[in-house]
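A.B. asks: sharing a model prediction with you, sequence too.
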Amino acid sequence: SCVHPDRPEPLDLHLGMFLPTLLNQATPEQMERFFTPAWNLRIIGTYAQTEMGHGTHLRGLETTATFDPSTQEFVLHSPTISSIKWWPGGLGKTSNHAIVLAQLHTQGRCHGLHAFIVPIRDMDTHVPLPGVVVGDIGPKFGFSEVDNGFLKLEHVRIPLDNMLMKFAKVEPDGTYVKPPSAKLTYGMVFIRSMIVGQSALALAKSCTIAIRYSAVRHQSELRPGEPEPQILNYQTQQHKLFPVLAAAYAFTFVGQYMKDTYRRISGDIHAGDYSQLPELHALSAGLKAFTTWAANAAIEVCRMSCGGHGYSRSSALPDIYVEFTPTCTYEGENTVMMLQTASRYLVKSYRQASVGQRLQGSVSYLSEAAAQRLRPRPVSGGAAPLSTQDLLSLVHLYQRRAASLVELAAKSIQQELQRGRSQEEAWNHSSIDLVRASDAHCHFVVVKLFVDKLEQVDDAAVKAVLSTLALLYALKGLADNSGDFLQAGLLTVPQATRVSARIKELLEELRPDAVALVDAFDLNDRKLNSVLGRYDGNVYEHLYEWARQSPLNATEVHESFHKYLKPLRSRL
Ligand SMILES: CCCCCCCCCCCCCCCCCCCC(=O)SCCNC(=O)CCNC(=O)[C@H](O)C(C)(C)COP(=O)(O)OP(=O)(O)OC[C@H]1O[C@@H](n2cnc3c(N)ncnc32)[C@H](O)[C@@H]1OP(=O)(O)O
Ligand SMILES: Cc1cc2nc3c(=O)[nH]c(=O)nc-3n(C[C@H](O)[C@H](O)[C@H](O)COP(=O)(O)OP(=O)(O)OC[C@H]3O[C@@H](n4cnc5c(N)ncnc54)[C@H](O)[C@@H]3O)c2cc1C
């Protein structure tokens with residue numbers, strides 16, 4: 001069958017992690033030795049970091065790489081059952097090399113996790129090499145096209161020069177040379193940044209299918225005696241789908257911003273300037289979690305909005321969901337990523353701002369909030385007037401919500417410490433607040449980037465409809481998280497009522513442009529691979545044709561009649 005460009009493939013890890021890791025962490029000599037043959041698919045690699053017992057806790061990974069100066073080799077070993085590498089894509093049957101993350105031991109000391117290029121199969125016969133036990137981990141929720149595998153290493157020897165040494169080094173006598181920054185060996189920022197764009201694509205595909213189908217599907221009666229209306233005319237259908245449409249545009253702009261930011265900061269890093277790495281890590285970790293959680297839920301909204309046909313594989317929505325949902329887990333489990341952004345960036349920035357430091361980048365608003373805290377509060381103390389039309393004021397509202405939740409999390413940690421808890425316990429007992437703070441920070445970033453993007457749109461008609469989408473995205477987020485805004489004193493109950501009324505108006509305003517707005521994603525029928533989302537809207541004929549092609553219909557009487565039903569009858 002044809003390879004769908006968006007379907008998971010066994011070479012994804014080779015292209016998406018093995019090659020980029022070489023680019024980021026290999027020396028020029030190693031690039032020559034490995035990148036060229038890998039680019040020509042002579043070497044096919046994967047990224048083997050996760051083990052059966054650890055995926056999140058990198059410092060807990062057990063695979064060892066012990067340097068033997070007498071032979072100038074590293075000995076790679078899986079010491080326990082839980083240390084067996086588990087999950088890497090393409091590992092089971094496709095790859096002949098793996099970048100293995102292992103705890104480096106040299107001169108009797110452990111220097112933490114480093115990356116090693118390990119040949120695992122013979123380059124000609126593809127038979128596993130001595131000391132290598134490798135295979136597929138078995139059927140999964142989806143990703144059936146990918147041979148996610150296991151790898152058990154039994155004292156496998158590789159040359160000294162197979163350790164990726166662009167940053168850290170091991171000398172021939174076993175001396176360890178530290179990297180300029182320990183953070184450089186973490187990696188994973190590239191794919192996390194790319195996943196933000198994948199969230200946008202998944203949303204664009206899902207709402208294109210659901211909105212096009214909702215324009216051709218007629219059902220029930222809106223006015224007695226009149227023809228059945230398009231289901232897209234039901235307010236509830238619009239309330240399900242138009243916020244997804246708005247999010248698809250929002251995440252498209254955020255995905256572009258994330259890619260540009262990754263490119264800019266990784267360029268600085270290659271030039272030896274590591275100062276922006278914390279911002280890149282926090283942004284990519286937080287936005288990866290924020291956008292994948294939101295997209296994951298929205299795909300299901302789109303599927304269910306198509307009724308029974310949404311559950312058919314002909315809609316493509318089940319496949320979109322099955323292929324997208326692991327993004328909430330891999331490349332950094334979402335909760336853990338949200339905690340990283342909060343603990344390693346937001347709270348740290350809050351504390352710096354609290355002592356008067358001027359912050360830059362996506363947390364600069366925390367400086368403004370700190371200054372605000374020092375000014376006398378207005379006597380009224382009530383929420384500021386709310387405009388349900390002015391986007392800039394809504395951006396400011398999201399900014400203030402984020403600042404409020406970051407402060408709440410930081411204060412929670414302080415209170416836990418004052419109760420006598422240890423640092424670690426204080427953080428753990430504030431982790432719900434920390435995740436909320438990260439979520440609010442990312443939400444503010446998304447709303448701000450959406451509104452910033454409008455400034456770049458020249459066409460008045462396009463700017464008008466995108467502004468309506470941005471308003472819907474911001475107000476729907478306000479309604480869905482009204483508890484945060486009410487708790488922070490940023491919203492009153494009457495204002496919340498006005499927000500709900502304004503959302504209904506926006507749904508009505510968007511109805512005439514909804515199909516054009518999904519057509520604008522320009523996703524052709526082959527890419528959508530959906531009978532319900534066909535550009536020509538000719539659903540029923542193609543649904544019937546699709547069903548007729550089902551393997552079960554290859555014969556009028558299925559063999560099961562003769563094998564099971566008929567014998568069963570004769571025994572009854
Ligand atoms: C060249 C051709 C290219 C062609 C491209 C074409 C693409 C084709 C298609 C591609 C498709 C790809 C499809 C992919 C399919 C699936 C892939 C899935 C792969 C995986 O899942 S790989 C495994 C992922 N695993 C993880 O992400 C593990 C998550 N855990 C962690 O990251 C760490 O454990 C954690 C949570 C950060 C904690 O680590 P710890 O050591 O405890 O660190 P601290 O929290 O103490 O922080 C210390 C310090 O480090 C900073 N830090 C942490 N992580 C990073 C990072 N990643 N980058 C930068 N800095 C980091 C942290 O902020 C702290 O800094 P301080 O200043 O506060 O000390
Ligand atoms: C389809 C797919 C493809 C993958 N491909 C690869 C690959 O190519 N290479 C590779 O190396 N790995 C790969 N992985 C593995 C993936 O990276 C890990 O599954 C992921 O990092 C999560 O780790 P884990 O499975 O150990 O979950 P855990 O970390 O055990 O998570 C389980 C639960 O514990 C919670 N938790 C864990 N730590 C904390 C904490 N500190 N604070 C609060 N809660 C916590 C999590 O939030 C989660 O709810 C893949 C996984 C999947 C599903």
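C.D. replies: Great, that's in hand. Ligands and ions are numbered 1, 2, ... in the order given.

A.B. asks: would you pull up the residue in the stretch 1-150 of the chain closest to ligand 1?
C.D. replies: Per CB to the nearest ligand atom, Gly16 is where the stretch 1-150 of the chain lies closest to ligand 1, at 2.7 Å. For glycine as for every other residue, the C-beta is placed from the backbone atoms N, C-alpha and C.

A.B. asks: and stretch 264-271, which residues are buried?
C.D. replies: 265-266, 269 (16 or more other CB atoms under 10 Å).

A.B. asks: what sits against Glu154?
C.D. replies: For Glu154, the contact set (CB atoms under 8 Å, 6 or more residues apart in numbering) comprises 77-78, 131-133.

A.B. asks: for Leu151, same thing?
C.D. replies: Leu151 sits next to 48, 78, 84-85, 88, 91, 98, 100, 120, 132-134 when contact means CB under 8 Å, 6+ apart.

A.B. asks: now do Gln237
C.D. replies: Gln237 touches 214, 231, 305, counting by CB under 8 Å, 6+ apart.

A.B. asks: identify the residue spatially nearest to the first one, adjacent ones excluded.
C.D. replies: Spatial nearest neighbour of Ser214, excluding adjacent residues (CB to CB, 6 or more residues apart in numbering): Leu232 at 3.9 Å.

A.B. asks: count of neighbours near the one you found?
C.D. replies: Neighbourhood size, Leu232 [other CB atoms under 10 Å]: 22.

A.B. asks: regarding Pro159, what are the backbone dihedral angles?
C.D. replies: Note on Pro159: its backbone torsions stand at phi -70, psi 150 [degrees, to the nearest 10].

A.B. asks: secondary structure element for Arg421, which one?
C.D. replies: For Arg421, there is no host helix or strand (DSSP states H and E).

A.B. asks: how much space separates it from Ala316?
C.D. replies: Using CB to CB, to the nearest Å, Arg421 is found at 50 Å from Ala316.

A.B. asks: out of the contacts of Gln237, which comes closest to Glu416?
C.D. replies: Using CB to CB, Ser305 comes nearest to Glu416 of the contacts of Gln237, at 43.0 Å.

A.B. asks: need the contact list for that closest one.
C.D. replies: 210, 214, 237, 240-241.

A.B. asks: by neighbours, which of those wins?
C.D. replies: Ala210 (33 neighbours).

A.B. asks: could you check the pLDDT of it?
C.D. replies: Listed pLDDT for Ala210 reads 98.

A.B. asks: how about it, nearest residue that isn't a chain neighbour?
C.D. replies: For Ala210, ignoring the flanking residues on the chain, the nearest one in space by CB to CB, 6+ apart is Cys302 at 3.9 Å.

A.B. asks: quick one, domains of the chain?
C.D. replies: 11-173, 189-357+392-406+432-517 (the TED database).

A.B. asks: in the helix or strand where Ser266 lies, what's buried?
C.D. replies: Element membership for Ser266, per DSSP H and E: helix 235-270. Residues of helix 235-270 classed as buried by neighbour count (16+ other CB under 10 Å): 237-238, 240-255, 257-258, 261-262, 265-266, 269.

A.B. asks: and stretch 555-562, C-alpha only, in CSV?
C.D. replies: Taking C-alpha atoms only, stretch 555-562 is exported to CSV below (Å, rounded to 0.1, in the frame of the first residue of the first chain):
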residue,chain,number,x,y,z
THR,A,555,-16.8,-13.3,-0.9
GLU,A,556,-20.6,-13.2,-0.6
VAL,A,557,-20.6,-16.1,1.9
HIS,A,558,-17.7,-15.9,4.3
GLU,A,559,-15.9,-19.1,5.1
SER,A,560,-17.0,-18.7,8.7
PHE,A,561,-20.5,-19.8,7.7
HIS,A,562,-19.2,-23.2,6.6
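
A.B. asks: so, low pLDDT: which residues of the stretch 1-150 of the chain?
C.D. replies: Within the stretch 1-150 of the chain, the ranges that satisfy pLDDT under 70 run 1-6.
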